[in-house]
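*Asks:* structure here, sequence nowhere to be found:
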Ligand code: HEM
C-alpha cells in the first residue's frame, strides 16, 4: 500500500496539558487541546479547576444526548455566549418553544422543492467565478479559502434573500472573519461561573456586526410587508405569524434570523469546500477519480439537480473531507436534569462536549483514521457504522437545517470547478487547521489554478 501523505493537524501529546498552556491553547485553537487518550477512549472527563466537562465519543452516548433524550439538554452557556452577540436569538441559539416556532417557519425554505429551485442560483454564481478565473493567466495563485467564502456568501444571499451579495457580502465576510479571530470564550464561561458575573468584551463583539445590521435593516425596510405571496426567506420571515398567537416577528427577531442564515449558511460550506480542495490536491489517485467522474457525469453546461445526484464519488470525497476536517468541530450541551449517558452519571448543570474533530478520528470507530479515503462512504460501508459515529451536521431535532442545501451546493461547486480546473497547493504553503468557532485554515489556502 502506498504511503499516505501526512495531513495538516495539530501535534498530538500524551497525558494532560498544564493548566496555563491548556487555557492558552483552548482560546487559540480548541482542537489542539485533545491528546492521544481522547482518540482512544469512549469518554474523557476534563476538569478545569471546579468545572467538569464530559467529552462524549461513544456513538450511543452522542445519540442519547442529541436525539433520544434531547429534551434534557440545551446548548451550553459557553456556546450561547460565544454566538449570541452576533446571532442574537435566531434558530441556532434559541431554545424550547421559541426554537420550535422558528424551525416551523424556516422549514419550507429548506424543503425539497425549494432546494431544487436554488440549483440554478448555485450554478450561476459558480459560472461567474469560473468566468473570472478564466480571465486570469493559467497558473495563477489564489487564496481558495477566500474564494470559496465569497462564492458561498453570494449563493446564500441570492437563494435566501434575493439579494445581490455585492451589497451585503463584503460587510458580512469582514464581520465573520473578525468575529472568529477576536471572539474567544471567556475564562469565566470555561469555568462555568454564574451568568450574572460581567464578562469583558461582549459590547465590542456586538459592534463587529454594526455595519451588517444597518445593511440588513435596509433590506428589511425594502421588503413589501403585505399583500404578496412570500417568495424568499426574508419575505416569509416578515409575513410569518405564529399559528397560536397570530403574532408576527419583531424587527429584531427578523434581523437575528437573517444574520443566522447568512453566517451559518455560508462559512461552514465554504470551509468544507476548502478542505476538500486541500485533500484532493494531496491525493493524486483520488483526485484523478474525481476528475474522471466529472468527465462522464457532467456536461459543460450548468448542472441540474439530477446531474448533481449522480456525482457519487464527489459526494464521497466531500463526506470524507468533513470527517477529517469537520467545519463545525465541536457541539456542547448542558444537562437540565440528572441523567446517565453511556454508563456515566451526569448531574443537572453538567457540560457535555461532542467533538466531531475527535469522534471522526477515533481509533475505535475508524480504520486508519488519519488517512483520506472517500471509499469509506460507499452506501454499504456507511451502513455498517453506527449512525452517530459521523456527525458533521449534528443530529436529532437540532440537526443542521441546511444539510441538504450544503451538500447540493458543495457538489455543484466541486463539480463545475473540477471539470475546468485542477487546484494545486502552493509548494511549502503552511496549512494549519485551527478550531475557532469553526475549523478554519489559519492562513487561508494558497493554491495554483491549472486549466484542464
Ligand atoms: C457543510 C456545511 C455545514 C455544516 C458542517 C453545518 C453544521 C451544523 C451543525 C453541526 C449544526 C448543529 C449544531 C448543534 O447541534 O449544536 C448546525 C445547525 C444549523 N445549521 Fe448548519 N451546517 C452547514 C451548512 C448550513 C447551511 C447551508 C445553512 C443554512 C442555509 C445552515 C444553517 C444552520 C442552522 C440555522 C442551524 C441551527 C438549526 C437548529 O438548531 O434548529 N447550516 N449546522
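*Replies:* Perfect, thanks for sending it. Keep in mind that what you see is a predicted model, and the values were worked out from it rather than measured. Numbering: from 1, shown residues only.
*Asks:* in the protein, where is pLDDT below threshold?
*Replies:* 1-2, 164-166, 186-188, 191, 193-203, 223-231, 242-243 (pLDDT under 70).
*Asks:* quick one: the closest residue in space to residue 334 that isn't next to it in sequence from the ligand, how far?
*Replies:* Closest residue to residue 334 apart from its sequence neighbours, by CB to CB, 6 or more residues apart in numbering: residue 76 at 4.6 Å. Bear in mind the C-beta positions are built from the backbone N, C-alpha and C, glycine included. Using CB to the nearest ligand atom, to the nearest Å, one gets 9 Å for the distance from residue 76 to the ligand.
*Asks:* next one: residue 438
*Replies:* 8 Å.
*Asks:* can you tell me the closest non-neighbouring residue to that residue?
*Replies:* residue 327 (5.1 Å).
*Asks:* which outside residues touch stretch 147-159?
*Replies:* When contacts are defined by CB atoms under 8 Å, 6 or more residues apart in numbering, stretch 147-159 is touched by residues 118, 121-122, 125-126, 128-129, 163-165, 167-169, 172-173, 232, 261-262, 265-267, 269-271, 273-274, 277, 405, 409, 413.
*Asks:* before we move on, the earlier item: do I have it right that the residue nearest to residue 334 meets residue 330?
*Replies:* No. Between residue 76 and residue 330 there is no contact under CB atoms under 8 Å: 10.0 Å.
*Asks:* would you mind listing what in the stretch 351-452 of the chain touches the ligand?
*Replies:* 392-394, 398, 400-402, 405-406 (CB under 6 Å from any ligand atom).
*Asks:* turn the residues you listed into JSON lines, including secondary structure and neighbour count.
*Replies:* Output for those, formatted as JSON lines (DSSP: H, G, I helix; E, B strand; the rest coil; neighbours: other CB atoms under 10 Å):
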{"residue": "392", "secondary structure": "coil", "neighbour count": "22"}
{"residue": "393", "secondary structure": "coil", "neighbour count": "19"}
{"residue": "394", "secondary structure": "coil", "neighbour count": "18"}
{"residue": "398", "secondary structure": "helix", "neighbour count": "20"}
{"residue": "400", "secondary structure": "coil", "neighbour count": "19"}
{"residue": "401", "secondary structure": "coil", "neighbour count": "20"}
{"residue": "402", "secondary structure": "coil", "neighbour count": "23"}
{"residue": "405", "secondary structure": "helix", "neighbour count": "22"}
{"residue": "406", "secondary structure": "helix", "neighbour count": "24"}
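*Asks:* and which of the residues you listed is nearest to the ligand?
*Replies:* residue 402 (2.2 Å; CB to the nearest ligand atom).
*Asks:* show me the contacts for the closest residue in space to the closest one that isn't next to it in sequence.
*Replies:* Nearest residue to residue 402, sequence neighbours excluded (CB to CB, 6+ apart): residue 265, at 5.6 Å. Contacts for residue 265 (CB under 8 Å, 6+ apart) come out as 152, 156, 160, 402, 405.
*Asks:* just flag the most distant two among these.
*Replies:* Using CB to CB, the contacts of residue 265 reach their maximum pairwise distance at 152 and 160, which is 11.8 Å.
*Asks:* buried sites along the helix ranked longest in the chain?
*Replies:* Taking DSSP state H as the criterion, the chain has its longest helix at helix 251-282. Under the neighbour-count criterion of 16 or more other CB atoms under 10 Å, helix 251-282 has 253-282 buried.
*Asks:* before we move on, what about stretch 160-180?
*Replies:* Result for stretch 160-180 [16+ other CB under 10 Å]: buried residues 160-161, 163, 165, 168-169, 171-173, 175-177, 179.
*Asks:* which residues touch the residue nearest the centre of the chain?
*Replies:* Residue closest to the average C-alpha location in the chain (CA atoms, centre = their mean): residue 268, at 3.1 Å. Residue 268 makes contact with 327-328, 406, 438, according to CB under 8 Å, 6+ apart.
*Asks:* among the residues you listed, which pair sits farthest apart?
*Replies:* Farthest pair in the contacts of residue 268, by CB to CB: 406 and 438, 12.8 Å.
*Asks:* ok, residue 218 - how many residues close by?
*Replies:* Residues lying near residue 218 (other CB atoms under 10 Å) number 11.
*Asks:* helix or strand for it, which one?
*Replies:* helix 210-222 (DSSP states H and E).
*Asks:* next helix or strand past that helix?
*Replies:* Assigned by DSSP H and E, the successor of helix 210-222 is helix 233-239.
*Asks:* count of neighbours near residue 145?
*Replies:* Neighbours of residue 145 using other CB under 10 Å come to 23.
*Asks:* give the helix, strand or coil label for it.
*Replies:* Of the three states, residue 145 takes helix under DSSP: H, G, I helix; E, B strand; the rest coil.
*Asks:* next one: it from the ligand, what distance?
*Replies:* From residue 145 across to the ligand, the span is 14 Å (CB to the nearest ligand atom).
*Asks:* what do you get for residue 137?
*Replies:* 32 Å.
*Asks:* just residue 388 next, same as before
*Replies:* For residue 388 relative to the ligand (CB to the nearest ligand atom), the value is 12 Å.
*Asks:* my guess is that residue meets residue 57, correct?
*Replies:* No. With contact defined as CB under 8 Å, residue 388 does not reach residue 57; the gap is 10.2 Å.
*Asks:* any residues in contact with both of the two?
*Replies:* Counting by CB under 8 Å, 6+ apart, nothing touches both residue 388 and residue 57.
*Asks:* double-check that residue 41 belongs to a helix.
*Replies:* No. Counting by three-state DSSP, residue 41 is not part of a helix but coil.
*Asks:* ok, how many other residues are close to it?
*Replies:* 16.
*Asks:* please report how far it lies from the ligand.
*Replies:* 22 Å.
*Asks:* ok, residue 450 next?
*Replies:* 26 Å.
*Asks:* equivalent analysis for residue 135, please.
*Replies:* 29 Å.
*Asks:* who's in contact with that residue?
*Replies:* Counted by CB under 8 Å, 6+ apart, residue 135 has zero contacts.
*Asks:* on that earlier part again, pipe the residues of the stretch 351-452 of the chain next to the ligand into TSV and attach distance to residue 219 per row.
*Replies:* What follows is these, written out as TSV (distance: CB to CB, whole Å):
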residue	distance to residue 219
392	30
393	27
394	28
398	27
400	24
401	21
402	20
405	20
406	23
